[in-house]
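*Asks:* have a look at this prediction, sequence included:
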Amino acid sequence: MAKLSVGEKMPNLVFNTAHESNKTVETVIGEKKRTVFALLRFIGCTSCRYDIHLLAGRYQEFLDLDTQVYIVLQSEPANVREDLKNTKLPFDIICDADMEFYQRLDIPVAPCREERMPNDPVGIAKLEERKQKIKEIGFVHGKNEGKSQQLPALFVVEQDGTVSYAHYAKNSVDMPSVNEMLKIIQADS
């Protein structure tokens, strides 16, 4: 499949979360006015854990906009459950160890670590700031899963399945912040 664009329909993929099996995109998007799908790397990635932490801390703001969030990871359900056993999240994590979401949505994998990392001053500064905050929180790297050079992506999908926002990251930090996500959703309201 080609990259997913605004105005197209999100594929009706079947998926498992860390705690449930055989859910479908079509079913979950019907639960709220819109759904955010944030495709990251894996649960052991400290940067991914940081993104999950930030979203969880501000999740009520998404709910206030009749929006739900699903994080998609290249992780096995058992690894997500183990890694998050002492963490209660307000949203589900889609466990896509077979990488169906990544393949169907044509989310690229960088050829090497250097290509996955930012190389412009703004991106490098953003990465360094993230590293410092991750260190302060105390997240440590866990088990590697999936493709280690996977690039992230973000989609906002309306209740009828239409994509209202699509972002394919150019590097590991080229993703909308929580503030930017909320502004994107508010603009759609």
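*Replies:* Arrived safely.
*Asks:* and residue 136, that one's in a strand?
*Replies:* No - read with DSSP: H, G, I helix; E, B strand; the rest coil, residue 136 is helix and lies in no strand.
*Asks:* how many residues are close by it?
*Replies:* The local packing of residue 136 (other Cβ atoms under 10 Å) involves 8 other residues. No exception for glycine: its C-beta is placed from N, CA and C like everyone else's.
*Asks:* can you tell me how far it is from residue 127?
*Replies:* Counting by Cβ to Cβ, to the nearest Å, the gap between residue 136 and residue 127 amounts to 15 Å.
*Asks:* chain neighbours aside, what residue packs nearest to residue 14?
*Replies:* When the adjacent residues along the chain are set aside, residue 14 lies closest to residue 24, with 5.4 Å between them (Cβ to Cβ, 6 or more residues apart in numbering).
*Asks:* now swap in residue 23 and tell me
*Replies:* residue 15 (5.7 Å).
*Asks:* that neighbour: how many residues sit nearby?
*Replies:* Here the number of neighbours of residue 15 (other Cβ under 10 Å) works out to 20.
*Asks:* and it, which of the three is it?
*Replies:* Under three-state DSSP, the three-state class of residue 15 is strand.
*Asks:* ok, it - contacts?
*Replies:* 23, 24, 25, 72, 94, 95, 96, 100, 101 (Cβ atoms under 8 Å, 6 or more residues apart in numbering).
*Asks:* correct me if wrong: residue 182 contacts residue 61.
*Replies:* Yes - the criterion here is Cβ atoms under 8 Å, and residue 182 meets it with residue 61 at 5.8 Å.
*Asks:* do you know how far the spatially most central residue of the chain is from residue 3?
*Replies:* Nearest residue to the geometric centre of the chain (Cα atoms, centre = their mean): residue 38, 2.3 Å. Note on residue 38: its distance to residue 3, by Cβ to Cβ, is 16 Å.
*Asks:* again with residue 35
*Replies:* For residue 35, the distance to residue 3 equals 19 Å [Cβ to Cβ].
*Asks:* neighbour count: those two, which is higher?
*Replies:* Comparing residue 35 with residue 3 by neighbour count (other Cβ under 10 Å), the higher total belongs to residue 35, at 22 against 12.
*Asks:* doesn't the more buried one belong to a strand?
*Replies:* Yes - Residue 35 forms part of a strand when assessed by three-state DSSP.
*Asks:* check contacts around it.
*Replies:* 28, 29, 67, 68, 69, 70, 156, 157.
*Asks:* widest-spaced pair of these?
*Replies:* Taking Cβ to Cβ, the two most distant members of the contacts of residue 35 are 28 and 156; they sit 13.7 Å apart.
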